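# 3D, please:
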Amino acid sequence: MSQAINARSHKVDRTARYITEAILTAAKKTIPRGARKNYRPFWTDELEKLEDEVNKVRKDAEENPNINNNIKLKETTARLRRETISTQRKGWQEKTASLNLEKDGSKLWNLVATLNGEKSKSGPIVLEKEGTTVTGKEAANVFIKQYAGVSDIEINKDRRRQVNLDILELKEASHGLKDTEMDRKFTNEELEQALRELKMKKSPGPDQVTNEMLVNLGNGMKRKLLQLFNTSWRSGRIPQAWKEATMTPIHKQGKSKDKAESYRPISLLSCLCKTMERMVNTRLTWYLENNSILIEEQAGFRKGRCTDQITLISQSIEDGFQEKKNTFAVWIDMEKAFDRVWKKGLSYKLQKYGITGKMHQWITEYLRKRKARVKIQEHLSRCHTLKEGVPQGSVLSPTLFSIYINDIQSVIPKGVNAALYADDLAIWTTEENIGTAKTYTGYVRPVLEYGVTSWGMAAKSNVQKSRAGSYMEALTILGRITPSIPQAKAVILSDSRSVLEKLEVLRGAERQQLAKGLKNAVQNTQSLVLQWIPAHCGIEGNERADSLAKEGSQLEQIERDLMYSEVKTIIKNSMKNKWKESHPEFNRQDGVHQLDRRGQTTIFRLRTGHNRLRHHMNRVFKVGETNLCSCGEAAETAEHVLQNCQTYDALRQSIWNEAVDMTTKLYGPPHELERTAAFIAKAGIAV
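Alright, predicted model coming up:
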């Protein structure tokens with residue numbers, strides 16, 4: 001059948017339909033459909049023979065009722081029962097023994113969910129709409145209207161105009177969208193690699209083609225599929241069927257079941273399209289990484305970076321503990337961020353980063369005129385167009401989203417750290433004073449709110465919250481966001497009269513240097529005015545407070561004796577500063593940063609005590625009957641394992657020739673930390 005398909009035709013919709021029909025026809029002929037009746041996972045051939053024997057003996061006992069036949073029936077039935085119980089136990093033991101939390105914990109959790117009845121089929125979804133209940137197709141229409149409404153975002157007119165101008169400038173500068181090294185046609189090796197990366201047992205899209213079908217394609221059909229992909233790549237056209245999604249609502253645990261907002265959509269997309277997306281994404285990811293385009297703060301969906309952010313934040317907190325400083329962090333979740341990506345803004349950023357030619361053309365077409373419908377059991381909703389956003393469940397979407405928010409670090413002020421994992425953002429700072437830390441992170445939030453609003457990633461309620469921000473936050477936003485309209489004059493307002501009077505009397509080089517610094521801080525400034533404004537002017541309570549404060553400052557101050565703790569703190573800080581002055585070469589950088597990721601994780605877990613040793617697991621999670629080490633001498637703690645456990649005496653002697661204290665092993669120089677990590681690894685201890 002593959003010979004009759006002309007995959008080189010420019011009519012990609014027709015070609016894709018022919019290939020889909022050919023795959024489904026072949027699958028229908030070769031793949032058995034339906035589940036086995038009364039399937040029992042523990043059942044064996046021996047049990048099958050015993051069951052047949054019981055049925056035969058029962059038939060004889062019914063046809064010839066006598067004592068011998070009844071005794072034989074009871075004996076045979078009892079033997080079948082014993083063998084069944086024995087086989088069930090053996091199967092359960094083999095099943096639990098094969099589970100490995102370190103390699104694949106999903107099997108265990110799936111088993112637990114099944115045993116708890118959490119995977120049983122739920123009943124029909126019933127929603128409340130304007131005082132009435134709806135179900136079936138009406139409920140599906142309620143869902144699709146809500147999901148489509150999320151992508152219907154408002155973009156500021158000035159932002160639209162500016163982005164359109166920027167796109168024109170980029171095109172003029174590059175003389176159109178030029179082809180790049182990513183634009184060559186796809187090879188058979190790329191297709192085979194994409195097929196190898198497909199995940200099995202995944203639900204198919206609307207075309208019902210599964211990953212298992214694609215993996216088992218013959219060489220002839222693979223050639224036709226590759227020709228279709230290259231035709232789509234060359235022409236910039238994508239079959240409309242590939243741009244349609246079927247959404248399934250999944251209930252959020254703990255939420256009301258009669259509200260549409262209590263369900264999250266799971267999008268099912270064409271596996272054919274996702275295979276091509278995988279090939280496109282491989283090239284796009286290579287370009288981004290090879291040219292160091294993605295910011296270091298972003299670790300989401302990047303190879304070898306999945307745990308970097310956890311380690312980074314944890315280590316910052318640990319460093320703060322060691323330096324006796326406070327770490328203040330804010331976790332920001334950009335709600336429905338993928339659904340609110342502005343396509344025109346994404347197109348501009350792709351071109352800004354040099355992604356043009358066929359790559360840009362194909363991605364633009366991929367995002368254009370995307371449609372979706374909701375399926376509840378056998379009921380389908382109306383088809384709705386998704387105006388903005390990148391598709392949920394797509395292979396390409398995480399990479400596109402990372403590009404879209406790649407400039408987010410520009411609003412993070414100095415002294416504040418940031419970590420991104422896709423659309424999850426954490427910002428934190430470590431300071432001696434918790435108030436200072438809160439101030440630093442507080443400056444970031446209004447800037448982010450303004451940024452996501454101007455780029456279409458905020459809900460309308462968030463827009464209202466941003467407008468209701470405080471005056472100080474508004475000033476921060478204006479200071480962080482570059483104005484689209486050039487300013488002819490800048491005015492700095494200050495309530496510090498003494499500072500402005502001091503600036504007024506400066507002369508010569510000092511004044512010129514200060515003025516130069518102020519002008520550099522304000523872009524596109526032609527003239528600069530410093531204006532004093534009286535603080536709290538006209539506010540009766542504040543003026544009364546200022547007056548009392550001035551009167552109080554004129555009174556004689558009462559001297560009091562310092563407390564012991566205050567004296568101790570003053571002496572300690574003074575000695576610390578003197579020690580730093582006399583030891584300028586001292587480096588407080590922790591040697592753990594010089595270890596590889598596995599070593600860092602091991603050392604950090606041993607330091608904090610949050611590990612998988614028996615003492616912690618038994619005390620916190622109630623895992624295991626005892627917290628004792630396998631040697632039976634003491635609780636299995638980090639100190640016991642590293643210093644005292646007789647089981648590891650030989651290994652300990654081979655790594656440390658002489659006695660080394662616990663502090664050196666966990667906080668010493670890098671080579672000592674490497675020894676500790678090597679000891680844990682060679683001992684086979686899972687921490």
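
# How many neighbouring residues does Gly304 have?
8 (other CB atoms under 10 Å). Every C-beta, even on glycine, is put in place using the N, C-alpha and C of the backbone.

# Now do the SS call for it.
Look at Gly304: counting by DSSP: H, G, I helix; E, B strand; the rest coil, its state is coil.

# Map the structural domains onto the sequence of this structure.
43-90, 142-406+415-460, 488-549, 592-683 (automatic domain parsing).

# Save those as CSV, and put in mean pLDDT too.
Output for these, formatted as CSV (pLDDT from 0 to 100):
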stretch, mean pLDDT
domain 43-90, 90
domain 142-406+415-460, 85
domain 488-549, 64
domain 592-683, 90
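
# Show me the one of those that comes nearest Ser565.
When the domains of the chain are compared by CB to CB, domain 142-406+415-460 sits nearest Ser565, at 14.6 Å.

# from the middle of its chain, how far away would the closest one be?
Relative to the centre of its chain, domain 142-406+415-460 is centred 11 Å away, using CA atoms, centre = their mean, to the nearest Å.

# Now do the contacts for Phe229.
By CB atoms under 8 Å, 6 or more residues apart in numbering, the contact list for Phe229 reads Phe186, Leu191, Met276, Met279.

# Let me know the pLDDT of Val463.
At Val463, the model reports a pLDDT of 41.

# Okay, strands next: where are they in the stretch 501-650 of the chain?
528-532 (DSSP state E, counting those that start in this stretch).

# Ok, the chain next?
For the chain, applying DSSP state E gives strands covering 126-129, 132-135, 244-251, 263-268, 326-333, 370-376, 379-380, 384-386, 417-421, 424-431, 490-494, 528-532.

# and the shortest one, what other elements does it pack with?
To tie it back to what came earlier, the one meant is strand 379-380. Counting contacts by 3 or more CB pairs under 8 Å, 6 or more residues apart in numbering; DSSP states H and E, strand 379-380 is packed against helix 136-150.

# what's the angle from the helix it packs on to strand 263-268?
90 degrees (axes from the mean of the first three to the mean of the last three CA atoms, to 10 degrees).

# could you say what helices and strands helix 136-150 packs with?
Counting by 3+ CB pairs under 8 Å, 6+ apart, helix 136-150 packs on strand 126-129, strand 244-251, strand 263-268, strand 370-376, strand 379-380, strand 384-386.

# Ok, which of those strands comes nearest Lys622?
Closest approach to Lys622 among the helices and strands packed on helix 136-150 (CB to CB): strand 244-251, 29.5 Å.

# Given the closest one, what are its sheet partners and their directions?
Applying DSSP bridges, strand 244-251 is found paired with strand 263-268 (antiparallel), strand 370-376 (parallel).

# will you turn these into CSV that also has distance to Cys306?
Formatted as CSV, these follow (distance: least, CB to CB, whole Å):
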stretch, distance to Cys306
strand 263-268, 22
strand 370-376, 28
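
# just the ones you listed: most buried one?
Comparing the strands paired with strand 244-251 by mean neighbour count (mean count of other CB atoms under 10 Å), strand 370-376 comes out on top with a mean of 22.

# Need the residues that contact stretch 370-377.
124-125, 136-137, 139-141, 143-144, 147-148, 243-249, 265, 267, 380-386, 391.

# rewinding a little: just tell me which of the strands paired with strand 244-251 ends up closest to Gly599.
Nearest to Gly599 among those is strand 263-268; the distance by CB to CB comes to 38.0 Å.

# outside of the closest one, which residues touch it?
Strand 263-268 has contacts (CB under 8 Å, 6+ apart) with 125, 143, 147, 203-206, 245-252, 255, 372, 374, 391-394.

# How about stretch 308-322?
By CB under 8 Å, 6+ apart, the residues outside stretch 308-322 that reach it are 299, 326-327, 329, 417, 419-421, 426, 428, 430, 590, 592-593, 597, 600-601, 604, 607-608.

# got TSV for the domains of the chain, with distance to Met563 too?
Shown next, in TSV, are the domains of the chain (distance: least, CB to CB, whole Å):
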stretch	distance to Met563
domain 43-90	69
domain 142-406+415-460	19
domain 488-549	25
domain 592-683	32
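
# Among those, which comes closest to Asn573?
Set against Asn573 and scored by CB to CB, these come closest in domain 142-406+415-460, at 9.9 Å.

# re the thing from before, nearest to Lys29, out of the domains of the chain?
domain 142-406+415-460 (12.1 Å).

# In this protein, where's the longest helix?
The longest helix of the chain (DSSP state H) is helix 67-98.

# coming back round to it: selecting buried members of the contacts of strand 263-268 in PyMOL, what would you type?
Here is the PyMOL command that selects the buried residues among the contacts of strand 263-268 (16 or more other CB atoms under 10 Å):
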select buried, resi 125+143+147+204+205+206+245+246+247+248+249+372+374+391+392+393+394
